[in-house]
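S.K.: Generate coordinates for the sequence data below:
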Amino acid sequence: MANKSLFKSTPKGRLVPPTDAVNSAGGVAYAQPAEEALAQLAVTGCFGDTYYATAEAQLQDVLSLAAQVRPDFLAKLAVYSREKGLMKDMPAMLMACLAARMKTANPIGQSEVSALFERAFPRAINNGKMIRNFVQIIRSGVTGRKSLGSLPKRLIADWLMKQTHPSELIFQSTGADPSMGDVIKMVWGGKIPKIEVDPMYSATLAYLAGNKYQRDHLPEPLVQLEDLRKVVDKGLDRRAIDTSSLPDVPMLWLTQLPLTTVMWKGLALRCSWNELRQNLSAFSQHGVFDDKQIVSMLEKKMRDRARIEKAKVFPYQIMTTYLALTGGVERYNKTRDDSQIPKAILSALQDALDIAVENVPTIPGRVFVCVDVSGSMTSATITGSRKGATSVVKAVDVAGLIAAAVVKKNPEAVIITVDTEARVSHFNERDSVITIGRSINRSGGGTNLSAALDLIHYKFGAGGVDSVIFVSDYESWMDSTSQSYSGNLLYGTAMARSWETVRHNNPKARMVCIDLVPNRTHQMPTGRSARPEVLNIGGFSDTVFEVMARFLAGDKTSATKLVDALEL
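M.R.: Modelled structure (predicted):
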């Protein structure tokens, strides 16, 4: 008789591919091919310390993977990361890697890579912040070159000259290290071009670069700013300045000055929707909310559907603001009594979040949303820990946001939380997105992702399963020993086997696995072994909802196919 421990019968369903890697938590896993791994990093990596990986490790992963993929894929991925993933650091990093390829490619390949770089640059590096990010990364030398080079300089100069009015350039020039003035000097070597047909634009370039300029040629907002600074520097009575004459310059330029309460109120009333959201704490500290009439006006502004849509605000950004103002995840299920933000403003923020997720599509059939609430999800911030830039938002908060957004449009959906074990989470679909997110239990135990699929199979499988959505970091390890034969790579992951059990009774079922953090392994087969009914995607932008809905409705797609489909 053959050894039964070696030749144990497999569960019903397809043969599960053997695993080929071990994840950061020590569990068996599937290694992602270079293109898939880099695509995931491109929409999740923020170069901050996460639960399992340091910022330095992320950087090395990106550099290593970028060297393994084709230049055309790298160019498309930079654009995808910016346009679809809404990332800031990663597109600049990928373009810097592509710029380094222009030096290392053979003479024939250099022209091809340069052409790719030139086509991708305007889309991946599409505003002042992205310009400064790209220059900062190049100057650091981490990608293999420290100088901009002639082509990047020309493309940056083109961007600078294509701002149709000095005011556009002014509003793109907030930030330092490098400042926009530093960039201007690097591009033109300190010799600012004189534009005969537009002396105002030349004067603005000179002003930003710290060069000599003709005051008569400066745009009126910069003249007003300089006059305001003189008043402040000389200690004159600022109350005499009419708030309606505050210069139309980036808000940060003004908030760094010692403004009066009246001026702060004027700024609050005229600022954009995003500026209002980003400066609520500052407005509170400077007495803006002491005026009930202004509070009422700002509350209406915060709820204004047209303004929200125009701002193209990302739901995650609204949630980040709300959590920052109410105490963050440490006090997530408590009421913060010491908050200086009026309750009307906080309620308006919740309404704004509900409006922002209204474009989440309806998913046909019976939907299950599995939320990983294990220790790594509840401990690490979603953007990683970085001095001076650590978010209050944890990975589990974003998972809760995705789950809440799905159930708001699909009231019959079932939320299952999973850590050491799986359980059904109860909620009221009429509640706000924030409230539904709060109702999700955050226990922070070990990670046993297959338990969620087992629960679906045994408790709901007979009634039919159409769609399963997993939101996790996929560092499952507890089921490696209990169901993977003591970690033997031969038998695949427990999650992959449990999925085959679910599909045996529900052959048309599909699953989407949303990975919120930068990883190079997964619990479901990837690459050539990938299941056609399983979609592994990374990130948490609005694009995720669109791609997810299309796939669950029958579309055949993948993260790398989405990137390849882009036209440069």
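S.K.: mind giving me the domain ranges of the protein?
M.R.: When the chain is parsed with automatic domain parsing, its domains come out as 70-218, 239-351, 360-564.
S.K.: Indicate which one of these is closest to Ala57.
M.R.: Closest approach to Ala57 among these is made by domain 360-564 (9.1 Å; Cβ to Cβ). Bear in mind the C-beta positions are built from the backbone N, C-alpha and C, glycine included.
S.K.: follow-up on the earlier one: go through the domains of the chain and name the closest to Arg14.
M.R.: Among the domains of the chain, if distance is taken as Cβ to Cβ, the winner is domain 360-564, at 5.7 Å.
S.K.: low-scoring pLDDT stretches of the stretch 301-450 of the chain, where are they?
M.R.: 328-339, 380-392 (pLDDT under 70).
S.K.: Mind doing that once more with 80?
M.R.: Low-confidence segments of the stretch 301-450 of the chain, defined by pLDDT under 80: 314, 316, 327-339, 359-360, 378-393, 429, 438-439, 441-444.
S.K.: What segments of it are helices?
M.R.: For the stretch 301-450 of the chain, the helices defined by DSSP state H, counting those that start in this stretch cover 305-311, 315-326, 343-356, 375-379, 395-409, 433-439, 450-455.
S.K.: Tell me which other helices or strands the longest one touches.
M.R.: The one in question is helix 395-409. helix 315-326, strand 367-372, helix 375-379, helix 433-439, strand 467-472 (3 or more Cβ pairs under 8 Å, 6 or more residues apart in numbering; DSSP states H and E).
S.K.: Determine the next helix or strand in the C-terminal direction from the helix or strand of the chain with the lowest mean pLDDT.
M.R.: None of the helices or strands of the chain scores lower by mean pLDDT, DSSP states H and E than helix 478-483, at a mean of 64. Going down the chain from helix 478-483, the next helix or strand is helix 494-505, by DSSP states H and E.
S.K.: quick one: average confidence on that next one?
M.R.: For helix 494-505, mean pLDDT rounds to 92.
S.K.: Run the angle between that helix and strand 467-472 for me.
M.R.: 170 degrees (axes from the mean of the first three to the mean of the last three Cα atoms, to 10 degrees).
S.K.: May I have helix 494-505 as CSV, with CA atoms only?
M.R.: In CSV, the C-alpha atoms belonging to helix 494-505 read as follows (Å, rounded to 0.1, in the frame of the first residue of the first chain):
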residue,chain,number,x,y,z
ALA,A,494,-4.9,26.6,1.5
MET,A,495,-6.6,29.6,0.0
ALA,A,496,-6.2,28.2,-3.5
ARG,A,497,-7.6,24.8,-2.5
SER,A,498,-10.5,26.3,-0.6
TRP,A,499,-11.4,28.3,-3.7
GLU,A,500,-11.6,25.1,-5.7
THR,A,501,-14.0,23.7,-3.1
VAL,A,502,-16.2,26.8,-3.4
ARG,A,503,-16.2,26.6,-7.3
HIS,A,504,-17.0,22.9,-7.3
ASN,A,505,-20.6,23.8,-6.2
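S.K.: which stretches of the chain form strands?
M.R.: Taking DSSP state E as the criterion, the chain carries its strands at 21-22, 28-31, 367-372, 414-418, 422-425, 467-472, 510-515, 521-522, 534-538.
S.K.: From the chain's centroid, how far away is stretch 503-521?
M.R.: The chain centroid and the centroid of stretch 503-521 are separated by 21 Å under Cα atoms, centre = their mean, to the nearest Å.
S.K.: and it, how far apart are its ends?
M.R.: For stretch 503-521, the separation between the terminal residues is 23 Å (Cα to Cα, to the nearest Å).
S.K.: Any idea how many residues pack against Arg70?
M.R.: 11 (other Cβ atoms under 10 Å).
S.K.: Can you tell me how far it is from Leu59?
M.R.: Counting by Cβ to Cβ, to the nearest Å, the gap from Arg70 to Leu59 is 21 Å.
S.K.: and what of Leu41?
M.R.: 10 Å.
S.K.: re the thing from before, out of the domains of the chain, nearest to Gln32?
M.R.: Nearest to Gln32 among the domains of the chain is domain 360-564; the distance by Cβ to Cβ comes to 4.9 Å.
S.K.: first to last residue in stretch 529-538, what's the distance?
M.R.: End to end - Cα to Cα - stretch 529-538 spans 18 Å.
S.K.: repeat for stretch 300-320
M.R.: 20 Å.
S.K.: Likewise for stretch 210-221?
M.R.: Start-to-end span of stretch 210-221 (Cα to Cα) is 17 Å.
S.K.: do stretch 422-433 as well
M.R.: In stretch 422-433, first residue to last residue: 22 Å (Cα to Cα).
S.K.: chain center to it: distance?
M.R.: Distance of stretch 422-433 from the chain centroid (Cα atoms, centre = their mean) equals 25 Å.
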